[in-house]
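> Need coordinates for the following:
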Amino acid sequence: MDEASLDSVLLTVPLSSPLHPKASMPFLKGYITQKGFRSKIFDTNILFFNWMLKDQDFDIHNKKYIDNPVSLLGLYNQIEDSLTEACSAYRGLGVDLRTINFAYNRTYFKEVIKAIKDADANPMIKFYNEFIETELLHLNPKIVCIGVTFQDNIIAAFTLADRVREKLPSAKIVFGGQIITRCYDKMLADSFLKHLWDYLALWDGELPLLDIHNRVVNSSREPMRNVISQNTDNDTDNGFDLTGRQHGVFDLNETIRPDFDDIDFDAYFFPEMLIPLQTARGCYGSCEFCAIPSGSNFGFRERSVEKLIDDIKYIQELTQKKYGKKATYFKFMDDTSSPRTLFSLAQQIIENGLDAKWETYVRMETPFQELENMELLFQGGCRKLMWGLETNDPQVLKNMNKKVKHISTNKVLDASYEAGILNFVFVLLGFPGETDEQRTNLVDFIAGKESINVLTVATFDVTKHSPMQSSLMDGNTWNLDCEMPKDFEVRLIYTLDGENWKKKIVSYAQKFMLDVTKKRPDIALVSLFPDQVRGILTEKHNNKWGETFLKDFGEENLKKMLQATEGYIDIFANSESGEMELSYLPDPIKREHFRTKDDIQAISKAIARRRRYEIKRGDSI
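Below is the predicted model:
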């Protein structure tokens, strides 16, 4: 491809996991290029990590790290120590393998505007100046596409847009991704960020991006699907309508194959190549608390098994040619995968004689109860399943609208474990109406359930565009008092029965995790590892590797983790932030700390505002 004639560049921004690329850009490029446009992917997330680490060689691909998992854990600790040292050059900056924290609050437009101009606090300014100079200027792309999937991407994304505006003023800037789709209404209502974008691509990106390419490159005047335009080119008819989410639905089988040609798998912090693919988009569930399906087009849609097999074969041919070995580890980046597709895929992997190991996200479904079915999945490459358990209490599950029975949960987990698959469960604490007794019973259930290998704990949120948030608009049956979301807020500020329930339930979650890990030290050890490596360790050492390596290698790490957790709980209980050394916290607590600390402070301020208002109103009366 003649890079000097590029139509577009597709950019992934920090921060997401540096262990593998994201699936979105290879799928977008695959679709755009088959339509005749010239595009190139840059994963500036992994480029940023290596830039921060000054391209240190950690020898991550050494076989010893797979043979001895705790040495791998030590390596990741070393990388995070180096990141911490690099962060000291910037005011208020914190970066680890999962999260980034700035001196500015990423959720508010005014704070984002300050961040993108403050070079003392924001390393992205220097990083993107250098990146654009070395990688983009000579390409002179007509379109610069920036994905914003997580809140951690926000400051990096708009810093990049600001630098592009200055250095490539003729390029059209397109934003897309979950955060843009869920917050575009606030972006349109406020002028703070409007100078930094030309188009917003909503929901699935393929059709909007195709239409933007046709508009910018081919001067098409056809209406655009699920696109919001700044009217910079007299786009008086941009075709945007809320009903477009249903009418502009993308068929995943239209993409012949994802395009990974631009991805350098040697750059990632993973012992082997971990390839992201998609079996589906959307979710066929309708859990009260979940807003994930709102970020994709209407309905649950799947990629055919034939296409998935072709995807695997293409990637293995590509990696064999490029690296001298085939990629064998795949992660399906789905909201959820259906049992039917997974069983068929496993069978086809067996029949095609493919060496392909994989993991995915799944719901508790009746077909997974059968040992024969789970053995088929294992034989067909499945090594890890991530289950939406949430809780084991039937009433709470009913309130959540999970549509799963307690008895099926036991059978599903046991069948999966017996087949050799590592079971990772998601737990949600603090759903309205949940009692202390129910949480205690959940601790006992998990601690006594050998078939649960590892878990992550989240605390209840009212999320923007979730069924629960929508129901609150018509009447409140949950005793919740919510503020409308502002700017890039996707978790609403709320109180339950007038109290800061979030801070209370986060404290419960910390104690919950400590209680589980004391009773199940193998869970504690596995939770210390980045999630992405757990499947490959299962392939190498079986799904009991947490138990196997605990006694021989993990006792010192576990002791430090328990001490850090107990200290953190004490500090958190007496402060808003719980600031302390976090490196030895188990991953679920560390993630929840960074996810919720701004929320808790915001809720506290909201309660204080409400109380001041009530006092003032009382005085007036």
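> Which parts of the stretch 201-350 of the chain are strands?
Assigned by DSSP state E, counting those that start in this stretch, the stretch 201-350 of the chain shows strands spanning 227-229, 274-277, 280-281, 301-302, 329-332.
> right, and these - which one's nearest residue 21?
strand 274-277 (6.2 Å; Cβ to Cβ). To be clear about C-beta, it is placed using only N, CA and C from the backbone, and glycine gets the same treatment.
> Show residues contacting that closest one.
Residues from elsewhere that reach strand 274-277 (Cβ atoms under 8 Å, 6 or more residues apart in numbering): 19-23, 26, 258, 260, 268, 308, 311-312, 315, 327, 329-333, 532, 536.
> where along the stretch 51-200 of the chain do the helices fall?
In the stretch 51-200 of the chain, the segments counted as helices under DSSP state H, counting those that start in this stretch are 64-67, 69-87, 109-115, 124-131, 154-167, 178-189.
> okay, these in TSV with mean neighbour count next?
Below are the helices of the stretch 51-200 of the chain laid out as TSV (neighbours: other Cβ atoms under 10 Å):
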stretch	mean neighbour count
helix 64-67	16
helix 69-87	17
helix 109-115	19
helix 124-131	19
helix 154-167	23
helix 178-189	19
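> Select, out of the ones you listed, the one closest to residue 570.
helix 69-87 (22.6 Å).
> and the closest one, what other elements does it pack with?
If contacts are counted by 3 or more Cβ pairs under 8 Å, 6 or more residues apart in numbering; DSSP states H and E, helix 69-87 sits against helix 44-52, helix 64-67, strand 94-95, helix 531-541, helix 545-549.
> of the strands of the stretch 201-350 of the chain, which approaches residue 470 most closely?
Residue 470 lies closest to strand 280-281 among these, at 20.8 Å (Cβ to Cβ).
> Can you tell me which helices and strands that closest one packs against?
Looks like strand 280-281 contacts strand 301-302 (3+ Cβ pairs under 8 Å, 6+ apart).
> What sits closest to residue 207 if chain neighbours are left out?
Among residues not flanking residue 207 along the chain, residue 225 sits closest, at 4.8 Å (Cβ to Cβ, 6 or more residues apart in numbering).
> ok so, going back, please produce JSON lines containing the helices and strands packed on helix 69-87, extended by distance to residue 34 and mean pLDDT.
Shown next, in JSON lines, are the helices and strands packed on helix 69-87 (distance: least, Cβ to Cβ, whole Å; pLDDT from 0 to 100):
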{"stretch": "helix 44-52", "distance to residue 34": "24", "mean pLDDT": "98"}
{"stretch": "helix 64-67", "distance to residue 34": "36", "mean pLDDT": "88"}
{"stretch": "strand 94-95", "distance to residue 34": "36", "mean pLDDT": "96"}
{"stretch": "helix 531-541", "distance to residue 34": "29", "mean pLDDT": "95"}
{"stretch": "helix 545-549", "distance to residue 34": "41", "mean pLDDT": "90"}
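> To residue 219, which of these lies closest?
Short answer: helix 44-52, nearest of the helices and strands packed on helix 69-87 by Cβ to Cβ, at 29.4 Å.
> Inside helices: which ones of the contacts of strand 274-277?
Among the contacts of strand 274-277, the ones falling in helices (DSSP state H) are 26, 308, 311, 312, 315, 532, 536.
> separation between the closest residue to the second one other than its chain neighbours and residue 110?
Computed as Cβ to Cβ, 6+ apart, the closest residue to residue 308 that is not its neighbour in sequence is residue 345, at 5.7 Å. Going from residue 345 to residue 110 by Cβ to Cβ, to the nearest Å gives 47 Å.
> got a list of what the residue positioned nearest the centre of the chain touches?
Against the mean C-alpha coordinate of the chain, by Cα atoms, centre = their mean, the closest residue is residue 150 at 6.4 Å. By Cβ under 8 Å, 6+ apart, residue 150 lies in contact with 15, 16, 178, 179.
> would you list those in a markdown table and tack on distance to residue 323 and pLDDT?
Listed next are the contacts of residue 150 as a markdown table, based on distance: Cβ to Cβ, whole Å; pLDDT from 0 to 100:
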| residue | distance to residue 323 | pLDDT |
| --- | --- | --- |
| 15 | 26 | 96 |
| 16 | 22 | 95 |
| 178 | 31 | 93 |
| 179 | 33 | 96 |
